[in-house]
Structure formats: structure tokens, C-alpha cells
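*Asks:* mind folding the following:
(4 chains)
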Number of protein chains: 2
Amino acid sequence: MKELKGELPPLKSLRGFEAAARLGSVSMAADELSLTHPAISHQIKMLEEHLGYPLFERAGRHIQLNAEGKFYYGYIRKALETLLEGQEALTKRWEERPFRVQAYITLSIKWLAGRLNRFRNLAPHIDLHLNTSGIDWEFDEDNADIAIIYSDKKIPDGYGWTSLFESKIFPVCSPKLANENSLSAVDLNNLPLLIVNSESDFWNWDQWFHSAGVAHHEGKGNLSVDTLAVALEMACAGEGIALVNGPVADGDLASGRLVRPINHMCKGKGEWGLIYQENMMDDLRVKLFLDWVCEEAGNL
Amino acid sequence: MKELKGELPPLKSLRGFEAAARLGSVSMAADELSLTHPAISHQIKMLEEHLGYPLFERAGRHIQLNAEGKFYYGYIRKALETLLEGQEALTKRWEERPFRVQAYITLSIKWLAGRLNRFRNLAPHIDLHLNTSGIDWEFDEDNADIAIIYSDKKIPDGYGWTSLFESKIFPVCSPKLANENSLSAVDLNNLPLLIVNSESDFWNWDQWFHSAGVAHHEGKGNLSVDTLAVALEMACAGEGIALVNGPVADGDLASGRLVRPINHMCKGKGEWGLIYQENMMDDLRVKLFLDWVCEEAGNL
DNA sequence: ACAATAAGTAAAAATAATTTACCAATAAGC
DNA sequence: GCTTATTGGTAAATTATTTTTACTTATTGT
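*Replies:* All right, here's what the predicted structure looks like:
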């Protein structure tokens, strides 16, 4: 796109010119724009001086556009209308822009997926984009407006945090596997564990065994997967024991697809919550989503 | 036309936004507009604050329009282009606007009409409008840019005056009438005089007779007309004697259609000249016309 | 002729824009 | 890997612009 060539008129004077031209009166224009009449008079003078010739006929105590003024008015009016139109269209576009929610894939499948229809009923005008593919464990503020994450770090300045679930770490497996085997923590070492290939899962298993007073020695027949969602599905299928942190197994426990073979539970270092940039609190959609998630989490 | 509704953006910031958006750089925009980069930075900030959301993505030390910014840019660009386009069209229109010349009907017929083609050759781009129908004896500044008039008044402030012809008052008639009659001023009282129904013509006859040392007594067979041009035509036809002031009979005297029955001539109170508003001297067309008329009048 | 209304003008006041001087972040060069 | 140059952002100070106040002129209506 090329550079604009030509000297633009004094832009501030355009409003005054438009109003005075339309109303045929300096005083009325001043009233409309909440200014005094000399201000309008001066604005018109500036514009006429910029152009080099008059736009109004001063007949007695009234002013009226002359032929050139009438001709010019059309352009000014169009330009100002374009500005307002653009602003309006932009605002509409802004209000309809996607609302980007970031959540881990497992939480999305096991907790969000079954609930999101309720949010969409609540706020059908919001164009929600759920982003689960983020490689990042942390809040990706460039690609999300809000995120549900598990964090054990201090929330940096400029970010808001709303707690959702406390960290509850416990093993789950299929009812069949639980019934066929004994129920002490030590015995888990002899069953196939479904290990998720992440630092936090390694830490969680260690922590759980440690808090149960049992040494965690790498058992045989363990399976490593890269997503908890997969591990849970395998647990349902009786392939082994998965360790969950938070609400991701709640649905399967309620339906009986999974059970807790041992009641022991420990806490992780962090907690589940919603994270967002503080200035996003002005955004109505953030407020709505935040309240809704809290309600769903039973955390009012 | 209805009032513009909606709050316009800070108009001064539009130029800065346009340049920065187009160039993708605050500094380059500042260079283009001969400002410093904080000025552009501030303009952009004003615009973003007015809208309530950002238009640029700040990635490191570079800026780039975001999706909304790109969308908005189209409108801003269009509005600014409309302003420039209007200005250009207006200037063109202004330069091509009619050049309005006021002249008495008789001078127009007897002096201007035969010469004007030369001016049109000289300045073919000028859209000359000759106005002779003005009832006014004086300069009608609302309807003319320049006028050729006879004036015996002081030229008011704010007006320019250029002398053309001195006042020369003398009688004319057809050669036939002149040859058939005696040639003394007294005798004119006995011939049919063609009196133009205007104060100045009454005064001219009186003045002429008085300066010739003859009493002017209302003769018989006089004819009153309302335009000197008609009186001159009647004089050509031998109907009587007309009195002229200035160059209006020069053409007919040269061609022999009219003669001066008596050589006596007197002066009126004023002179012929060009009158115009002083600020019109900036107008090239006024200068051109003025010079041309002076040349035609042999008054260089 | 007089008051009332509208617009123009000039100086003062108020407001807005720009610059200067600084900082922070990034990219490039050694 | 450290330094340097470039780019953008910020805040206070300066400068420029806009607006107002107070007054004048001109016209309209009574």
C-alpha cells in the first residue's frame, strides 16, 4: 500500500465544519458539539485558510455553504461516516472474537467435554475455542484468554488466579483388577502401573508411595504412555493402575468404570485453577466463564 | 442530513496509525511524518485507548497490526483518502470556477463584444461569464469578480481601482443628419436629442451645453430611451443626436456610422475603470484580465 | 431607535501534542 | 558470551494548539 500523498486538512476542524454546514449555524454547531461559537468559527477559519478559499457565504448574521462548500461537504461527511462505520464494525468484530480457552487434553476429555454444553447454553453468543493441543504445561497467554491448569508456582504479577480443585493424588483401576488382587499399597508395586511420561507423574507416584509409607521400586510390566487420558482408558480396560491428580477420574469413578483399589490419597505441591491476565477481567466473557467453571467445580 | 452519531476517534492519531500500520514501524512512521517516535507511539496509544483494545501486536522490538488492526486500517485508509480526494476535487473545481465580469450593456456591446475573443485566445482555460444585466450602476461584488464601470465616487477601502478611460462627453449623430444641419452648439437645441433615462445622462447633457456656453432648453422632438446602446443605434439610423461618455462610440466613429456634429467636448465628474476586491489580486485570472483590458484600452 | 440575536476577533486560559531524556528488550557484531 | 546498535515504550517538560472569555460588528424584529 502506497504512502498517502497530499496535505491533510486540519482534522480537528472537520467536525466543526460538518456541524456548522449541516445546521447552517455556527452557534447551533457549537451547541451540538458542546463548544462555544468562537471555537467553531475558528475551526472553520482554519479549514478555509488551509484550502485557500471560503466555504461559507456570510450573509448578514447567517452563514450558509457556498457552492464549493456544498461540494466539499459531501467528501467530509463521507470520510467521517467511514470512520464511525469502521469503529462500529471493529467493535462488533471485537465483541464476536473467539474466546480461547486452554485446558490439558485429559481434563478436556474427562471433565470439560461433558459440561461445556451447559456453558454454551448459558452464553450462546460466545464463540468458544477450546485449545488442548498446547505443548505447554503453563498458561500460553498469546493463544488463550484463560486456562485451566495445575500449578505449583507462584502466580506472577499481572495475572489472576482462581482456585478450582485441590490436588488429590490417588490410584485408580478397573473394578475387575481391584477385585482380583489384594488391597495394600505395597502390592501395587507388583501390579502393572500406567506411568505417564511426564515429570509431574513420576513425582506423583513417588510422592504417593512415600506418603503411604511404602518404597516405590520400579515394578515389572509397567507401561509408559504420553497422555493421562490414554492411561485412564487403559485403566478402564483393566490394563493396569493409573494415578490421577484432581477431578479427571471423577466421572469414571461415579459410573463404576474405575474404582480406587486403595483409599490412600496424598496431596501434590500445587493446585488446580483458572489463570488469566488481570486486565482480561474487564472482558465479560472471562467473568462468565470463570463463574461457570467455579460453579461446575462446586467451588462457589 | 442527519447528525453524525457516535464518538469519533482522536483524529490526530489517525495519520500516525496509518503510517505505522503501513510501514510496520513506529520509527519509520515518525520519519515519514517528520515527528519523533514517541509522538507516534502516543498517537497509537490514544487510538487504542479510545477503542478499548489493542490494534498492534508488540513482538519484541517490532510492531505489527493484529487482526483487528488490519480490519480497522482499511476504514482509516479509506477515510483519509476520501479527505484528500475531496480536497483535490475541490481545488480543481475552484480553479475552474466561472470568472464573472460585470460591464454595462452599452460598453459590452460597443466596446467589449468585439474584443473579448482576443482575451479568450489569451486565456482559453478561463470560464468567463459576462454579466451585463445587473441593474446596479455600481460594482456588484456578490455576482462579479471584477467590473468595468464609470465612477465619480471615492473607491472604498478594500477595493482596487485601475483607470481605463477618462471621461469624454460629446454628442454623436449620423453623417447624414450632421451634413443636413448647421454645426453650432445652440442649434442642437433644435434637433431631436436622444436622451437616456438616467440621472447621469441628464447631468451630461446639462454639463455639455453649459461647458459649450449655451443654455440647454428642453427641445421638441426629443426621444427618451432607457439604454444608451439603443440611443446609439437610433443615432446611426439618423433619428437624432446621442451624447456619449467614454469609448462607446469609438467603433462607430471609426467606421463612419457616426460622426461628431460639433467638436466640443467636456469632462464628467468621474472616470472609467476596473474595480475589484483587493484580495482578488491573488487570483491570477483577475491579473490576466486586468492587464488585457488595460492593453485594449491603450492604457499601459 | 432599541433590544435581541448571530457571527467575527483577539488575548488569555486551558488543553493537547510533541519532544527530550530515559529505560527495556531484542538483534547483530565481535 | 559479551557488547553495541536499534527499536519501542514511558514520563516529565516543553511547545503548540484549541478553546474560552470578553468584546465588536452587523443584522433582524419590535
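
*Asks:* render the CA-only coordinates of the helix or strand where residue A:208 lies in CSV, please.
*Replies:* In this structure, residue A:208 is located in helix A:199-211 according to DSSP states H and E. Below are the C-alpha coordinates for helix A:199-211, written out as CSV (Å, rounded to 0.1, in the frame of the first residue of the first chain):
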residue,chain,number,x,y,z
GLU,A,199,8.0,-35.1,35.3
SER,A,200,4.9,-34.5,37.4
ASP,A,201,3.6,-38.1,37.0
PHE,A,202,7.0,-39.5,38.1
TRP,A,203,6.9,-37.2,41.1
ASN,A,204,3.3,-38.0,41.9
TRP,A,205,3.9,-41.8,42.0
ASP,A,206,7.0,-41.3,44.2
GLN,A,207,5.0,-39.0,46.5
TRP,A,208,2.1,-41.3,46.7
PHE,A,209,4.2,-44.3,47.7
HIS,A,210,6.2,-42.2,50.0
SER,A,211,3.2,-40.8,51.8
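
*Asks:* now do the SS call for residue A:172.
*Replies:* Secondary structure for residue A:172, judged by DSSP: H, G, I helix; E, B strand; the rest coil, is strand.

*Asks:* moving C-terminal from the helix holding residue A:208, which element do we reach first?
*Replies:* Next in sequence after helix A:199-211, counting helices and strands by DSSP H and E, comes strand A:223-225.

*Asks:* one step back: pLDDT of the helix holding residue A:208, averaged?
*Replies:* When pLDDT is averaged along helix A:199-211, the result is 91.

*Asks:* what residues sit buried inside it?
*Replies:* By neighbour count, and taking 16 or more other C-beta atoms under 10 Å in any protein chain shown as the criterion, the buried residues in helix A:199-211 are A:200, A:201, A:204, A:205, A:207, A:208, A:209. The way it works is simple: take the backbone N, C-alpha and C, and place the C-beta from them, glycine included.

*Asks:* kindly provide the distance from the second one to residue A:226.
*Replies:* For residue A:201, the distance to residue A:226 (C-beta to C-beta, to the nearest Å) stands at 10 Å.

*Asks:* equivalent analysis for the fifth one, please.
*Replies:* From residue A:207 over to residue A:226 the distance is 21 Å, taken as C-beta to C-beta.

*Asks:* please see if the helix or strand residue A:22 falls within touches chain B.
*Replies:* When elements are assigned from DSSP H and E, residue A:22 belongs to helix A:12-23. Yes. In this structure, helix A:12-23 sits against chain B according to C-beta under 8 Å from any C-beta of the partner chain; the contacting residues are A:12, A:14, A:15, A:18, A:19, A:22.

*Asks:* wasn't residue A:165 part of a strand?
*Replies:* Yes. Remark: residue A:165 belongs to a strand, assigned using three-state DSSP.

*Asks:* contact partners for it?
*Replies:* A:246, A:247, A:271, A:272, A:273, A:297, A:299 (C-beta atoms under 8 Å, 6 or more residues apart in numbering or on different chains).

*Asks:* which parts of the stretch 51-200 of chain A are strands?
*Replies:* Chain-ordered strands for the stretch 51-200 of chain A, with DSSP state E, counting those that start in this stretch as the definition, fall at A:56-59, A:62-65, A:99-103, A:128-131, A:146-151, A:159-166, A:169-172, A:193-196.

*Asks:* three-state assignment of residue A:249?
*Replies:* Here residue A:249 is helix, with the state taken from three-state DSSP.

*Asks:* before we move on, the earlier item: which among the buried residues of helix A:199-211 gets closest to residue B:156?
*Replies:* Sorting those by distance to residue B:156 puts residue A:200 at the head of the list, at 94.9 Å, by C-beta to C-beta.

*Asks:* run the chain-centre distance for stretch A:274-287.
*Replies:* Taking C-alpha atoms, centre = their mean, to the nearest Å, one finds the center of stretch A:274-287 at 7 Å from the center of the full chain.

*Asks:* got the buried residues for the top helix by length along chain A?
*Replies:* Longest helix in chain A by number of residues (criterion: DSSP state H): helix A:67-95. Neighbour-count burial for helix A:67-95, counted by 16+ other C-beta under 10 Å, picks out A:68-69, A:71-73, A:75-80, A:82-84, A:86-87, A:90.

*Asks:* in CSV, list the C-alpha atoms belonging to stretch A:265-274.
*Replies:* Included here for stretch A:265-274 are C-alpha records, laid out as CSV according to Å, rounded to 0.1, in the frame of the first residue of the first chain:
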residue,chain,number,x,y,z
MET,A,265,-4.6,-40.3,48.8
CYS,A,266,-1.9,-37.6,49.0
LYS,A,267,-1.5,-34.0,48.0
GLY,A,268,0.7,-32.5,45.3
LYS,A,269,2.7,-29.4,45.6
GLY,A,270,0.2,-27.2,43.7
GLU,A,271,-3.5,-26.8,43.0
TRP,A,272,-5.9,-26.7,40.0
GLY,A,273,-7.2,-23.3,39.0
LEU,A,274,-8.0,-20.8,36.4
